[in-house]
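Chemist: Whatever this is, show me its structure:
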Amino acid sequence: MTELHQVYLSIGSNIEPEANIPKAVQMLREYGQVQGISSIWESEAVGSDGPNFLNLCVLFLNPLQPVELKEQVIRQIESKLGRVRHADKNAPRTIDLDIVLFDRQPLNVDFWKYAFVIVPLAELIPDFQHPIRGEKLSRVSEQLQNQVWIVPRSDVAIS
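Modeler: Here you go, the predicted structure:
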């Protein structure tokens, strides 16, 4: 039997996010098992003057290693949903999928400073230790929600 890896993905969009985020989650189900889905959160764009982003995190089970996962799943979904990569990495986008944790290991510590990653991720794994601050994600999430504007969007549904 093939071993399934636990992958926590951050999914975001600020171009038609109400349509693109549910589509991205549905497409993930074609490549593996979606085991957990956080609430959807709205926050201001980081690094650009673009429209607000909607973000969520999912627990995704899949047999692929990170490089193959990016090439065979993430880039495929982003392409199908019209993602265009620009020189400006903060440009508005239809969809963005990032691996935050792979088998409980952080792949890119840069993600760990953003409320739009921490707040939804804390819903899924509240007791996980923040890799930089060493505190539980639930505590870091609470602090970030008091420092930056981020609001739940219960009006956007994932089926």
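Chemist: Next, Gly134: secondary structure please.
Modeler: For Gly134, the assignment made with DSSP: H, G, I helix; E, B strand; the rest coil gives coil.
Chemist: err, Val119, not the other one
Modeler: helix.
Chemist: Please, which helix or strand holds the closest residue to it other than its chain neighbours?
Modeler: Once flanking residues are discounted, Val119 sits nearest to Ser141: 4.8 Å by CB to CB, 6 or more residues apart in numbering. Yep, even glycine has a C-beta here, placed from its N, CA and C like the rest. Following DSSP states H and E, one finds Ser141 within helix 137-147.
Chemist: Can you tell me which helices and strands the helix or strand following that helix packs against?
Modeler: Downstream of helix 137-147, the first helix or strand assigned by DSSP H and E is strand 150-152. Applying 3 or more CB pairs under 8 Å, 6 or more residues apart in numbering; DSSP states H and E, one finds that strand 150-152 makes contact with strand 41-43, helix 115-124.
Chemist: partners of Ile99 in the sheet?
Modeler: Bridge pairing for Ile99 (DSSP bridges) gives the partners Leu9.
Chemist: Now do it against Gln143, distance only.
Modeler: Distance, Ile99 to Gln143, by CB to CB, to the nearest Å: 24 Å.
Chemist: cool, Pro17 as well?
Modeler: Computed as CB to CB, the Pro17 to Gln143 distance reads 25 Å.
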